[in-house]
Every structure is written in structure tokens, then in C-alpha cells.
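**Student:** Quick check, what structure comes out for this input:
(one chain, ligands or ions: 1)
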Amino acid sequence: MNAFTEKVNKIDRRDAKLGMAHFYVAFIGLFLGGMAGLLQTLVRSGQFTLPAGIGYYQLLTLHGVVLALVMTTFFIMGFQFMAVSRTAGTLTNKQRKTAWVGFWLMTIGTVMAAVMILLSEASVLYTFYAPLQAHALFYVGLTLVIVGSWTGGGAIIMAYVGWRKKHPGQPSPLLTFMALVNTLMWIVATIGVASTVLFQLLPWSLGLVERVDVAISRTLFWYFGHPLVYFWLLPAYMAWYVIVPKIIGGKIFSDSLARLSFILFLLFSIPVGLHHQLVEPGIDPAWKFLQVILTFMVIVPSLMTAFSLFATFETFGRSQGATGLFGWLKKLPWGDARFLIPFIGMLSFIPGGAGGIINASNQMNQVVHNTIWVTGHFHLTVATAVILTFFGISYWLIPHLTGRILTKAMNKLAILQGILWAIGMTFMSGAMHAAGLLGAPRRSAFSEYGGAAQAAEWIPYQIAQAVGGSILFIAIILVIYIFINLAFFAPKGEEEFPVGEAANTAEKAPMILENWKLWLGIVVLLIAFAYTIPFIDLIENAPIGSKGYKLW
Ligand code: HAS
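**Tutor:** Numbering: from 1, shown residues only. Alright, predicted model coming up:
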């Protein structure tokens, strides 16, 4: 390898350290959160009681906060830093320092929130809905996680701006562009959750004010809560658009299409939060209807992604001599964990996305809202499509960063891990969907509901969830084992950081896609359009508010 390719292709050791720090926290979180998940499914089967006074809702809070908020955020920040470092060049000292400050703020915040949960001071679940009231330090911890992520986001923005200055008139590298879009979306979205935490929940939990306006707090939460799911999804899309084509030996279908789909996410992922509140009182149905329409707009970039992926796979297969309608499927590298694991994720996103469309449809939402169907939906989307893609990324990125390789034996184990995950999740998420349709509630411990006949119908599905949860836990043990191997024990060597090229390199991405004043201007307008009147309504018609409750 000559000095030039070395410089371009290999991530600088100082940046690699930054990435690995994020991944250590993410994988510790995966283990703790996964353990909590296993115990939950066992409790809900009715066959197991928690020892040592551990509460079901305490465990559920740990599971949700550690996996949905902590594990994802650390993995995503780490991955995005590495993607930027690989494609826009090594971070400057200032950028790297800023990123480290962000990392430490997030880590301190995580420890604070986790300690409060473990001390049973914050069993408020991952959505920390008022009027459930946690200890003030729980909210302070979450605030630090957000502020830390903004600081890290600042480092990504600085790296992007630096690249643009050095390359005037040129479109930025695709992965850097994508990391930037996700960062911008995240910053705009987290303003909602930061507002409710700082101005409502924190003063209320400190006793500075007695009551909280529940509807405003939830609306601010969901202003953030829906883009949050795309903050998880977009790094997986980065891998699907840019990395998977290179792994299979193919090309990115269209660089411009990929960028456009990310811009559409930036525009439409925020002004849609009311679709989580379709059954809540206090919000005019006309505004809910408007946000449902906008929700259907945010489905478009996912459909574009599906189209683009099929095109990449089919074009590659045919270039290898495949014939017939589905002959190209046979040409894909099924034995390569770096491809197979994200591919299982893509497959699961087909029913996962279809479930989302059902949720978003007002009438059907009345059937599924607050049932365990919704839990089934997000275990297919974030806990399969996204997480399997993150595992697939780890299988080449961790050895790339530690100067080791994914051996054939580890590749096989990784494939087994992905297949176990798919089987476990089919049991667990499938049973959740089915029980939800029979009316089983979400966010609830085991109960026979006074011997009600309807509740008895749910029990076989709850047992199936425990079977699925146990298989998933075995898969988590495997992934942790592989992670430790890749971080510390695998043979030394060079593992590639695959970055795909567009099929048509002559096609230059239109520079308008990097006109941030335009896109952020539209974002602000759409948010103002979708949220101003609902918020004025909520404030004008505010009830006296609620005192805090600790139901655990
Ligand atoms: Fe959702 C609730 C609507 C996507 C996560 N969602 C949740 C919650 C979470 C979550 C965590 O409208 C629960 C929050 C809570 O605690 O209360 N969701 C949607 C819609 C979409 C959607 C319309 N959700 C996601 C994603 C998530 C996620 C992504 C995480 C990563 N969701 C809702 C609604 C609720 C909700 C309501 C509230 C429910 C309630 O009442 O509480 C869309 O973005 C989905 C679009 C996706 C597609 C699929 C495209 C398929 C692709 C794969 C292609 C495959 C290939 C391989 C190429 C249209 C891209 C195939 C190869 C072969 C050979 C076949």
C-alpha cells in the first residue's frame, strides 16, 4: 500500500481512539439493556418473579433508556465521526477535542441517569412522560447526554465546513454529507426535548414549581421523539446506500438520489410528532390530520431507498451474468456477514415500515395505540433493521479501528448471530404484534387482570415473547463475544473500511442539495406551520397542570 492510499483509506489512530471510546460505551449498554430485556420477557410470561426487590418498571426504564437512548446515540456518534474522518479526512485537533468533550459530557450524563434508575429514583420509562416524576438528577443526566451530542455534532459541522472551504464548488463526500444531515436534524429535533426537560420537568422535580402541563410536555417530547427514530435510521441508511454496494462489489445506484432522500428526511421527519398523540385530548383533529399527511411524506424517502437498493442488487447480479426475474439474488455474497447481517435488517424493515404506515393511519391507530403491537413495531424497526445494520458495521469497523481482521471463524459466528437474531425477533415481535391486535396493553407487567377471559388469550403470546427474548439474549452474548474478539484478540491485519462509488461517476450531485440556508429555512417553515397553532391552543387552554406522581 503506498503512502497516499494509506492516508486516504485508513482512519488516523487518534480518530480511531475516539470511535472506539464511543463503541465501548455502546456495547456495554447493549449488554446491560439486553439483560434487562430478557428479564422483562420472562416476567411477562408469568413464569418468573424478579429477585431482590427489583421493580418491573425499573427494569423497563433501564432497558429503554440504555438501549434506545444511550446505546444508539453512542454508536451513531462514533460511526458518524469515523465516516467523516474516512471520507472528509482526519479530524483537526480542534475538531477531535470538541468531539471528546461531547463524549465525556454524554458519558457523565449516562452514568447519572443510570444510577438514578438503579437507585429506583426514576422508573419513568424511556419516554419519561409527565406526570410520572423522576429525581432531578435523572433529568440533569439526560440534559448532559443531549448537550454532549450537540457538542459532538458541532465537531461534525466543523469538519464539513472545513472540507467545503478547501473544496469550493464541489459536492461533499456522500458519507460526510449524510452524517451532516443527520446531525442537523438531530440538533433541530432535540430543541423540543431540551425545552421540556429544562423548562418544565427539571424545575418541577426540584420543587420550584408544583405542577406541570402534561399535554405541552408530551407534545414537546414527540416533536423530538419522531425525528429520534430517523436519527437511528439514517446511519443504517448510510451503510445501505454507501457501504453495502462496495461490500457486494457493486455500485451506488445514484449519488444524487441518496442525497435527495436524506434532504427529504431533514424536511419531513420533524413536523409529524402528533401521529404519536392521535388519541390524546387537547389537540384539534385538523392539526393531527395535517401531521398525518406530513407523515406520509416522510415515507417517500424510505420508498426511494428501497428502490435504490433493489436497483443496486439487481444491477450487480446482472453484471455477474444473472438472468430471469430474481436470478440476481443468487449472485449476492450470502456468506459475508458484512452483507448478510444488514440485509436481514433490510428485510425486516419491509414489515416494520408497513407496520409504521398502519400506525400512522388515524383509524387504525385507534386499534393499535398503547397496545403491545407498537412495541412489536419498534422491535422490527430499531431493534432489528437498525441494530442488525449496526452489528454489520461493527464487524468491519471495529477491526479496521483496532488494526485487526474479521477471521473466517468470526465471520461464521457473526452469521449465526444474525440468524439467531432474526429467529428470536420473529418470535418476539410477531407475538407482540398478534397480542396487540387482541388488545394486550404495552408498558405493563404481568397481570391476569382479575381472571378476565380476554387477558387469558394473551398469555400464550407472552410465552412466545419469552422464547424469542431468550434466543435474542444468546445472540447478544455472541455479538459481545465477537466485539471483544475484534477489539482485543483477533489477528493483526488490515480490514477495509468499504466506501462505494456511484454507478455513474459523471453525474455530479447538484450543489443545491448543499444549500443549507434553503433547506433549514424550509425546515423552520414546516415546523412553524405544523406546530404554531397547536401550541398556542395548548397554552391558551392550559389546565392547572398536574402534581408529580411516583407510582413505584
Ligand atoms: Fe414508527 C411508533 C409510524 C418508522 C420507531 N415507531 C414508534 C415507536 C418507535 C418507532 C420507537 O404513525 C414507539 C414510540 C413510543 O414509545 O411510543 N414509524 C411510523 C412510520 C414509519 C416509521 C410511518 N418507526 C420507524 C422507524 C423506527 C420507528 C424507522 C426506528 C428506527 N411509528 C409510527 C407511528 C407510531 C410509531 C404512527 C405511533 C404509534 C402509537 O400509536 O403509539 C415510516 O418511516 C416507515 C417507512 C418504511 C418503509 C419501508 C421501506 C423498506 C426498505 C427496505 C427495503 C429492503 C430491501 C431488501 C431492498 C416504507 C427501505 C429486500 C430484498 C429482497 C430480496 C426482498
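**Student:** average pLDDT for stretch 299-306?
**Tutor:** What stretch 299-306 shows for mean pLDDT is 98.
**Student:** Contacts (any at all) between the ligand and that stretch?
**Tutor:** Yes - using Cβ under 6 Å from any ligand atom, we find that stretch 299-306 touches the ligand at 299, 302, 303, 305, 306. (C-beta placed from N, C-alpha, C; glycine too.)
**Student:** Now list the buried members of those.
**Tutor:** 302, 305 (16 or more other Cβ atoms under 10 Å).
**Student:** out of the residues of stretch 299-306 next to the ligand, which one sits closest to residue 69?
**Tutor:** Comparing the residues of stretch 299-306 next to the ligand against residue 69 with Cβ to Cβ places residue 302 closest, at 22.7 Å.
**Student:** re the thing from before, with secondary structure and distance to residue 26 as extra columns, can I get the residues of stretch 299-306 next to the ligand in TSV?
**Tutor:** TSV is the format used below for these (DSSP: H, G, I helix; E, B strand; the rest coil; distance: Cβ to Cβ, whole Å):
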residue	secondary structure	distance to residue 26
299	helix	28
302	helix	24
303	helix	30
305	helix	24
306	helix	27
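**Student:** Not counting its neighbours along the chain, what's nearest residue 367?
**Tutor:** Nearest in space to residue 367, with sequence neighbours left out and distances taken as Cβ to Cβ, 6 or more residues apart in numbering, is residue 437 at 7.3 Å.
**Student:** what's the answer for residue 510, then?
**Tutor:** Residue 510's closest residue in space is residue 256 (Cβ to Cβ, 6+ apart), at 6.4 Å.
**Student:** Residue 180 versus that neighbour, what's the distance?
**Tutor:** Relative to residue 180, residue 256 is positioned 16 Å away (Cβ to Cβ, to the nearest Å).
**Student:** Kindly report the same for residue 334.
**Tutor:** From residue 334 across to residue 180, the span is 34 Å (Cβ to Cβ).
**Student:** what does residue 348 give?
**Tutor:** 28 Å.
**Student:** cool, and residue 449?
**Tutor:** Counting by Cβ to Cβ, the gap from residue 449 to residue 180 is 49 Å.
**Student:** Give me the more crowded residue out of the two.
**Tutor:** residue 180 (26 against 12; other Cβ atoms under 10 Å).
**Student:** Over to that one. Which of the three states is it?
**Tutor:** The three-state assignment at residue 180 reads helix, by DSSP: H, G, I helix; E, B strand; the rest coil.
**Student:** Numbering from 346 from now on, please.
**Tutor:** Will do, 346 is the new start, and the previous item becomes residue 525.
**Student:** Figure out the helix or strand that the residue lying closest to it once chain neighbours are set aside lives in.
**Tutor:** For residue 525, ignoring the flanking residues on the chain, the nearest one in space by Cβ to Cβ, 6+ apart is residue 505 at 4.7 Å. Per DSSP states H and E, residue 505 falls inside helix 481-511.
**Student:** which secondary structure elements does that helix contact?
**Tutor:** Helices and strands touching helix 481-511, by 3 or more Cβ pairs under 8 Å, 6 or more residues apart in numbering; DSSP states H and E, are helix 417-433, helix 438-463, helix 519-540, helix 547-550.
**Student:** Pick the most buried one from those.
**Tutor:** Mean neighbour count, computed with mean count of other Cβ atoms under 10 Å, is highest for helix 417-433 among the helices and strands packed on helix 481-511, reaching a mean of 26.
**Student:** other SSEs contacting it?
**Tutor:** Right, helix 417-433 is packed against helix 358-389, helix 438-463, helix 481-511, helix 519-540, helix 559-583, helix 732-747 by 3+ Cβ pairs under 8 Å, 6+ apart.
**Student:** Please name whichever of these is nearest to the ligand.
**Tutor:** Nearest to the ligand among the helices and strands packed on helix 417-433 is helix 559-583 (3.6 Å), distances taken as Cβ to the nearest ligand atom.
**Student:** What's the mean pLDDT across that closest one?
**Tutor:** Helix 559-583 comes out at a mean pLDDT of 97.
**Student:** Give me the distance between it and the centre of its chain.
**Tutor:** 9 Å (Cα atoms, centre = their mean, to the nearest Å).
**Student:** Which SSE is immediately downstream of it?
**Tutor:** Next along from helix 559-583, by DSSP H and E: helix 589-593.
**Student:** C-terminal to that following helix, what's the next element?
**Tutor:** Counting by DSSP H and E, what follows helix 589-593 is helix 600-613.
**Student:** Mind listing residues that contact that next one?
**Tutor:** 516, 519, 522-523, 526-527, 529-530, 575, 579, 582, 586-587, 597, 639, 642-643, 645-647, 649-650, 653, 847, 852, 854-855, 858, 864, 867-868, 871 (Cβ atoms under 8 Å, 6 or more residues apart in numbering).
**Student:** can you rerun that using 6 Å?
**Tutor:** 519, 522-523, 526, 530, 575, 586, 639, 642-643, 646, 649-650, 653, 847, 854, 858, 864, 867-868 (Cβ atoms under 6 Å, 6 or more residues apart in numbering).
**Student:** which among those residues end up buried?
**Tutor:** 519, 522-523, 526, 530, 575, 586, 639, 643, 646, 649-650, 653, 847, 854, 858, 864, 868.
**Student:** For the stretch 546-695 of the chain, which residues are neighbours of the ligand?
**Tutor:** Residues of the stretch 546-695 of the chain lying near the ligand (Cβ under 6 Å from any ligand atom): 574, 577-578, 620-621, 640, 643-644, 647-648, 650-651, 654-655, 674, 691-692, 694-695.
**Student:** which outside residues touch stretch 654-674?
**Tutor:** 585, 590, 593, 595, 598, 676.
**Student:** Now do the same contact list for the most centrally placed residue in the chain.
**Tutor:** In the chain, the centroid-proximal residue (Cα atoms, centre = their mean) is residue 577; its distance is 2.1 Å. Contacts for residue 577 (Cβ under 6 Å, 6+ apart) come out as 417, 727, 731.
**Student:** again with residue 550
**Tutor:** Counting by Cβ under 6 Å, 6+ apart, residue 550 touches 478, 481.
**Student:** And residue 756, by the same measure?
**Tutor:** By Cβ under 6 Å, 6+ apart, the contact set of residue 756 is residue 682.
**Student:** Model confidence at it, what's the number?
**Tutor:** Residue 756 is given a pLDDT of 98.
**Student:** and residue 552, that's in a helix?
**Tutor:** No - counting by three-state DSSP, residue 552 falls outside a helix, being coil.
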